[in-house]
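**Q** Got a predicted structure plus its sequence, pasted below:
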Amino acid sequence: MPGGRLTHHERLEIAEGLREGLSYTDVAGRLGRPVSTVTREVARNGGPAAYRADAAHRATTGRARRRKQYPAPAASPTASDAHGRDPEAVLELEEQFTAMMVGTGLPRMTARVLTCLYVTDGGSLTAAELAQRLQVSPASVSKAVGELEQQELIRRERDTGRRRDRYVIDADAWFRGWMASARQNTLLADFALRGAQVLGTATPAGTRMQDIGHFFEHVGRAMIRAAEEWRQDDAARRNASD
C-alpha cells in the first residue's frame, strides 16, 4: 500500500513501465506511489537501463536483514535538520549520486561510501561511522575505502589522540583521482607503443596497437593539461573571493 515497502509485484510493474519508456511520474501514477519512491527505487538498483525487478527485490530484502544486524543510531538532530534541508530530498540526492558513480564503473558499495563522504558536512568519517550510517558490515566498508584510496578519491588521516583512521574527502579529491587516471593512461600508452614494436608497426596487429598507444598518449596529455588549468582557475577564484 502507499507509504509501505514496495512489493515484488510493484517492482515488476516498475520494470515493465521502464521497458515501455514511461517516465517516473507515469510509473508512480500506475502504482499510486510518490514519484520520489520510484526514483529512489530505480536509482538504488542500477538505474533505468539496468533495473531488474527480481534483483531489486532480493537486494532490498538483503538490506533489510543488514539493518537488523547493524541497527541505526538513536534518533538525534542530523546535519540536514540543523541546516534546514529536506531529508527526503537529501536521500534522493544520495541515491542519484550513488547511481551516477555506479554508472562510471564503481562497485555499488564503493559508490555508496564515496557518496556518504561527499554529503557529510564534515567530509570525513571513520570506518565504524561509515558502517553505521550505511548499515553494512565493517568488512564491506574496508573493501570500499581500499578501492577509493587506490584511485586517490579519498585520503586517510589519523584521528588525533585516538587509535583510528578517518577517511577524508576534500576539494582536491577529484583532482587527485583525475591525475591518477591520467597516469594510468600514460602507462597504457607506453605499453601499447612497446607492443607495437614487438608486433611490428607495419603489420595489422602492430598498427592497431600503435593507434591505441597514440590515443592514450594524447588523452593522457590532455587530461593533465586540463587538470592543471582547472587548478590555476580554482586558485584564482579562491584568491578573488578572499
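**A** Nice, thanks for sending it over.
**Q** mind listing the strands in this protein by residue range?
**A** 124-126, 155-158, 165-168 (DSSP state E).
**Q** Can you list the strands that the last one pairs with?
**A** Strand 165-168 has its sheet partners listed here by DSSP bridges as strand 124-126 (antiparallel), strand 155-158 (antiparallel).
**Q** which parts of the longest one are buried?
**A** In other words, strand 155-158. For strand 155-158, the neighbour count (16 or more other Cβ atoms under 10 Å) marks Arg155 as buried. In short, each C-beta sits where N, CA and C put it, glycine included.
**Q** Which of the strands paired with strand 165-168 sits closest to Ala192?
**A** strand 155-158 (30.8 Å; Cβ to Cβ).
**Q** And the contacts of the closest one?
**A** Ser124, Val145, Glu149, Arg164, Asp165, Arg166, Tyr167, Val168, Asp170, Ala173, Arg176 (Cβ atoms under 8 Å, 6 or more residues apart in numbering).
**Q** what's the neighbour count on the third one?
**A** As a burial measure, Glu149 scores 13 neighbours (other Cβ atoms under 10 Å).
**Q** In contact with it, which residues?
**A** Contacts of Glu149 by Cβ under 8 Å, 6+ apart are Arg155, Arg156.
**Q** quick one: it and Glu217, what's the gap?
**A** 27 Å (Cβ to Cβ, to the nearest Å).
**Q** List the contacts of Leu153.
**A** By Cβ under 8 Å, 6+ apart, the residues touching Leu153 are Leu114, Ile169, Ala173, Trp174, Arg176, Gly177.
**Q** who's in contact with the second one?
**A** Same thing as Ile169. By Cβ under 8 Å, 6+ apart, the contact set of Ile169 is Leu114, Leu117, Tyr118, Gly123, Ser124, Leu153, Ile154.
**Q** how does it look with 10 Å?
**A** Contact analysis of Ile169 by Cβ atoms under 10 Å, 6 or more residues apart in numbering lists 113-120, 122-125, 148, 153-155.
**Q** Name the nearest residue to Ser137, sequence neighbours excluded.
**A** Ala131 (6.6 Å; Cβ to Cβ, 6 or more residues apart in numbering).
**Q** Go through the contacts of Ile169 and name the one nearest Ala56.
**A** Scanning the contacts of Ile169 for proximity to Ala56, where the rule is Cβ to Cβ, the winner is Thr115, at 18.7 Å.
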